[in-house]
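>>> Fold the following.
(chains A and B)
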There are 2 protein chains.
Amino acid sequence: MIRIAVDAMGSDHAPLPEVEGAVQAAAQYGVAIVLVGLEERIREALQKHDAAGLPIEVVHASEVITMEDSAATAARRKKDSSIRVAARLMRDGDVSGVVSAGNTGAVMATVKMVLGTLPVVDRPALSTVLPTQKGKPAILLDVGANVDCKPHHLEQFAIMGDIYSRTVFGIRRPRVGLLSIGEEASKGNELTKEAFKSLKLAPINFLGNVEGRDIFKGDVDVIVCDGFTGNVALKLSEGLIETFTAMLGEELQKTLAAKVGYIFAQKAFRQFKQRLDYSEYGGAPLLGMNGITIVCHGRSKANAIKNAVRVANEFCKHNVNQVIETEFHKLGLSKNATVT
Amino acid sequence: MIRIAVDAMGSDHAPLPEVEGAVQAAAQYGVAIVLVGLEERIREALQKHDAAGLPIEVVHASEVITMEDSAATAARRKKDSSIRVAARLMRDGDVSGVVSAGNTGAVMATVKMVLGTLPVVDRPALSTVLPTQKGKPAILLDVGANVDCKPHHLEQFAIMGDIYSRTVFGIRRPRVGLLSIGEEASKGNELTKEAFKSLKLAPINFLGNVEGRDIFKGDVDVIVCDGFTGNVALKLSEGLIETFTAMLGEELQKTLAAKVGYIFAQKAFRQFKQRLDYSEYGGAPLLGMNGITIVCHGRSKANAIKNAVRVANEFCKHNVNQVIETEFHKLGLSKNATVT
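All right, here's what the predicted structure looks like:
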C-alpha cells in the first residue's frame, strides 16, 4: 500500500481540512496516510471523524511555518516544521509522496533542500490543472517555481507536462502549446521565440504557440510558460472566477424575479460552480523534484486535500519520476546526459 | 468641434459596425467623424442610417489590410490602406484622433511609422480598461505594444497610465500597482524587481506589487506590466469570460427547472453580461504616440466603435498627449530631457 504524508499544519484552517481530507482519502482510495504536525492538535481533530481501522498514522513535528515566515527562512531555520519532517519521511523512504497546503514558496524550498531535484532535471516546475469548456482538464506549467527561465527550461517543462498528461490523465498523445501572444512562430518575447525552436524539435505533439484565450477552450492538454507568466495567469484566473461568481450573485439578488429564477436554477448554479472549482482537480504537482510533492491552495477544504492525496497516489502508482528520468536520459536532455 | 477619423475597414464585419458606430457617436457626442476606407462601400452602409445633418465625411482609401497581411508588411507596403490614410489625416492636423478595429499590430506599426512616438516617450504602450467588482474600471498596460521591456519602460507606462486615469476617468490620485507574483518587493522576476525600485520613487500613488487576482477586485486603478504578460492576461481574461458564459448557458439548459429559472432571471443575466462586456469600455488607447489612437477588437460591434470614439474625444478634450509631454519633461524622464 502506497503511503502519503499529509502536512497537517499548512492550510488556513489547519489541521482541520487536512485531517478530514486524509480520513476521506484513506477510506476512498485505499492509501495509507501519515499526518505530520502538532500531534495533540491532529489527534484532537481526528476524534471528530470515524477513522477506526483506517491506515492513518500521526508523526509529530514541533514547529509550524506561519504567514510571517519568509519562504527561504522557514525552509532553512525551522528544522522541525511539519513540511520539513514530511520531506524527511519521503527522503528516507517512509512515504512515497507529500501533500501540503502550506506557503508554496516554503514548501518548494524545503522539498528542494531536503530531496533536491531529479538528477536529470535542471529546474522543477509547479504545474496546475485548469477546468476547460470541453470538460477535459488542461495542465499549465510552470506556475511559480521558476520566475526567470531560459528556453531549455521551457523545453524540459513541456516534456514533464507531456509525461504528466500521459501517465496520470491517460492522454495518449497530449497536445502541447507554448503560451504566447500570437499563433505564428514569430510572435512572442525573446524567451518564447527561442523556446519555440526547441519545442518544434522535441518528441512531443507540439501545436505551436497558444494564447491566453486558448487555455480554457479545451483544445490543448499541456500549456507551457515561465513561472512568472504562469503565476500571473493562475492568480488572474482564480480572481476572475471569484469576481464572476460575486457579480452574478449580486445581479441575482437585485430583483424579486431574479431571486425566483435563482431558486429554480440553483442546481445549475451549483454544478456550474463545481465545474470551475479548482479543488476538484487535486492541487499542483511539483514536477522534477526527487520525490512526489503536491501543493494545495492555503484555502483548501477537506475535498481539496482528499483530491491531492488521490493525485499523489496516482503519481506514485505510475512512477512518474522514473518515467521522467528514463525519458530525459533517452532524449539526452539531462544535465549530465549519458545517452543509454 | 473635435474631428475623429474612424478606420472603416478594420473590423471582422467592416464597414458595417464602423459606420453604424460612427453615426451613433456623431449624434450622441457632438463629434465630427471622418470615415476612411472604400468610399463606395462606406456610402452604401451609410444609406442604412439616418445620418442627415450629422457631421460625417467620407475619405477614400483604396487598400484594405487583410488577415493574411503581416503587421509590418501591411504598414510598410499598403500605402493607401484605410489606417494609413487615417494616420496621415491625423499627422496633417485634419483630425485629432483615430479609431480602428483593424489588426492591432498593423495599426500600431502604421501609426508609429506615420506619426512616431511623443518625443519624450521611449516606448508607446497599449492600454486596456477592465471591468472590476466594485464597478470602477481598472487600466491595464502594456497589453501588447512592447513585448520585451526594460524597467524604465515600465516606469513610463505607470506614469502614462496615471495620467490616463486622472484626465479621462477623473480619478484624483490613481492607485498604481505593478503586476507581479507576490506583494512583497522581493517577489517578481528580474524586470519587475528593478521596476519596483523606480516606481517607489516616482511621483505616483504606488501601491507596490499586485497579483493577477487583484486586477478585477477594484482596489487598483492602474496596473503596469510588460507587453507580453499584459497580452497574455488580457486574452486569458477574454477567454475565461467566454468560457464562463458558455458553461453557465449550458448548465441553464440542462433541466426544466434551470430553464424556468433562466427565464425569471434573464434580466439579471443580461446585466451581468453587460458588466463584463469589454465593448462598453471603449477600446484600447495607444499611449505615448504622437497622436491619439484607439484600437478596438476585430469583433467590435457598433456600440464598441461608438464608445471608442467617445474615448478618443475625451483624450483630445483633455489634451492627454500634452499632459504626458509636460509631466515627462518635469520629471526629467524624457529621452532628451531638458528639465524646465
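>>> ranges for the helices of the stretch 1-150 of chain A?
Using DSSP state H, counting those that start in this stretch, the helices of the stretch 1-150 of chain A run over A:16-29, A:39-47, A:71-77, A:82-91, A:104-115.
>>> which stretch in those helices is the model least sure about?
Per-stretch mean pLDDT for those is lowest at helix A:71-77 (a mean of 85).
>>> Next, count neighbours for residue A:194.
By other CB atoms under 10 Å in any protein chain shown, 16 other residues sit near residue A:194. Yep, even glycine has a C-beta here, placed from its N, CA and C like the rest.
>>> Make sure it is actually in contact with residue A:151.
Yes. If you go by CB atoms under 8 Å, residue A:194 and residue A:151 touch, sitting 3.9 Å apart.
>>> if we can go back for a sec, Throw the helices of the stretch 1-150 of chain A into a markdown table and include mean neighbour count and distance to residue B:88, thanks.
As requested, the helices of the stretch 1-150 of chain A are exported to a markdown table (neighbours: other CB atoms under 10 Å in any protein chain shown; distance: least, CB to CB, whole Å):
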| stretch | mean neighbour count | distance to residue B:88 |
| --- | --- | --- |
| helix A:16-29 | 23 | 63 |
| helix A:39-47 | 16 | 72 |
| helix A:71-77 | 18 | 55 |
| helix A:82-91 | 26 | 63 |
| helix A:104-115 | 23 | 53 |
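>>> how about those in a markdown table, adding distance to chain B?
Formatted as a markdown table, those follow (distance: least, CB to the nearest CB, whole Å):
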| stretch | distance to chain B |
| --- | --- |
| helix A:16-29 | 21 |
| helix A:39-47 | 28 |
| helix A:71-77 | 10 |
| helix A:82-91 | 19 |
| helix A:104-115 | 8 |
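>>> what would those helices look like in JSON lines with distance to residue B:219?
Shown next, in JSON lines, are these (distance: least, CB to CB, whole Å):
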{"stretch": "helix A:16-29", "distance to residue B:219": "28"}
{"stretch": "helix A:39-47", "distance to residue B:219": "35"}
{"stretch": "helix A:71-77", "distance to residue B:219": "25"}
{"stretch": "helix A:82-91", "distance to residue B:219": "31"}
{"stretch": "helix A:104-115", "distance to residue B:219": "23"}
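>>> for those, which one sits closest to residue B:259?
Nearest of the helices of the stretch 1-150 of chain A to residue B:259, taken as CB to CB: helix A:16-29 at 34.7 Å.
>>> beta partners for residue A:294?
residue A:99, residue A:285 (DSSP bridges).
>>> right, and it touches residue A:311 too?
Yes. With contact defined as CB under 8 Å, residue A:294 counts as touching residue A:311 (5.5 Å).
>>> For the two, indicate the residue with more neighbours.
residue A:294 (28 against 23).
>>> quick one: that one and chain B, what's the gap?
Counting by CB to the nearest CB, to the nearest Å, the gap between residue A:294 and chain B amounts to 20 Å.
>>> residues in contact with residue A:107?
A:7, A:10, A:83, A:100, A:286, A:293, A:295 (CB atoms under 8 Å, 6 or more residues apart in numbering or on different chains).
>>> and if you look at residue A:331?
Residue A:331 makes contacts with A:159, A:202-203, as judged by CB under 8 Å, 6+ apart.
>>> Most neighbours of all the residues you listed, which one?
Counting by other CB under 10 Å, top hit in these: residue A:159 with 24 neighbours.
>>> Local confidence estimate at that one?
Value for residue A:159, per-residue pLDDT: 97.
>>> ok, it touching residue A:199?
No. Residue A:159 lies out of contact with residue A:199 (CB under 8 Å); the separation is 9.3 Å.
>>> rewinding a little: farthest-separated two in the contacts of residue A:107?
Applying CB to CB across the contacts of residue A:107, the maximum distance is between A:10 and A:286, 13.8 Å.
>>> When the two are compared, which one has more neighbours?
For residue A:10 and residue A:286, the more surrounded residue by other CB under 10 Å is residue A:10, and the numbers stand at 32 against 27.
>>> Name the nearest residue to the more buried one, ignoring sequence neighbours.
residue A:102 (3.1 Å; CB to CB, 6 or more residues apart in numbering or on different chains).
>>> who's in contact with that neighbour?
Counted by CB under 8 Å, 6+ apart, residue A:102 has contacts A:7, A:9-11, A:65, A:82-83, A:298.
>>> Please flag which of those sit within strands.
With DSSP state E as the criterion, strands contain residue A:7 from among the contacts of residue A:102.
>>> among the contacts of residue A:102, which two are most distant?
A:82 and A:298 (14.0 Å).
>>> so where's chain A shaky on pLDDT?
Within chain A, the stretches falling below the threshold (pLDDT under 70) are A:276-280, A:334-340.
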